[in-house]
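sequence and predicted model, in that order:
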Amino acid sequence: MPVNADAKGKTYPPFEYEVGKEKIKEYAWAVGEDNPVHFDREQARAAGFRDVAAPPMFAVVYSGGAVGPAVLDPEVGINFAMMVHGGQEFVWGEPVCAGDTITTQTSVKDIYERGGMGFYVFESVSLNQDDQEVVRGTWTNIVRGV
């Protein structure tokens with residue numbers, strides 16, 4: 001079944017996520033982070049952060065609510081039975097800290113076919129409460145046998 005590129009360029013509603021200090025700590029523990037800026041407010045502030053700092057890959061937590069609907073959109077038409085993870089790329093901006101409100105918007109950046117596989121590329125842009133970009137993500141899913 002060939003890919004349907006009709007959804008290319010589609011943008012989804014923004015998703016808002018309030019960053020909590022305890023969520024940052026839980027994530028840091030789960031991924032093996034040991035830098036005290038992820039656990040201790042005083043250490044974070046001494047290092048120049050506004051509050052407890054989120055590890056960079058915490059981006060998957062606050063972006064998930066915006067990326068999920070795009071990936072699951074029937075108009076995009078991903079065959080999940082044949083899908084494999086293609087990759088994630090991030091460009092970080094302003095650090096994310098406890099107390100921030102992050103708003104992420106996702107769009108379908110590209111849909112194309114190559115070598116019998118469908119490539120579904122999504123872009124998410126996350127801004128903090130001051131409209132500063134905190135991360136821009138590129139999420140690629142590959143569907144085998146198109």
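Received the coordinates, thanks.

state which helix of this protein is the longest.
The single longest helix within the chain, with elements called by DSSP state H, is helix 59-72.

next helix or strand past that helix?
Using DSSP states H and E, the helix or strand that follows helix 59-72 towards the C-terminus is strand 83-92.

keeping just the C-alphas, turn stretch 75-82 into CSV.
Extracted in CSV, the C-alpha atoms of stretch 75-82 (Å, rounded to 0.1, in the frame of the first residue of the first chain):
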residue,chain,number,x,y,z
GLU,A,75,-5.3,10.9,8.0
VAL,A,76,-1.5,10.3,8.2
GLY,A,77,-2.2,6.6,7.9
ILE,A,78,0.7,4.9,9.6
ASN,A,79,0.4,1.1,9.6
PHE,A,80,1.6,0.4,13.1
ALA,A,81,1.9,-3.3,12.6
MET,A,82,4.8,-2.6,10.1
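
which other residues reach it?
Residues from elsewhere that reach stretch 75-82 (C-beta atoms under 8 Å, 6 or more residues apart in numbering): 1, 3-4, 6-7, 10, 70-72, 108, 111, 118, 120, 141, 143-146. The way it works is simple: take the backbone N, C-alpha and C, and place the C-beta from them, glycine included.
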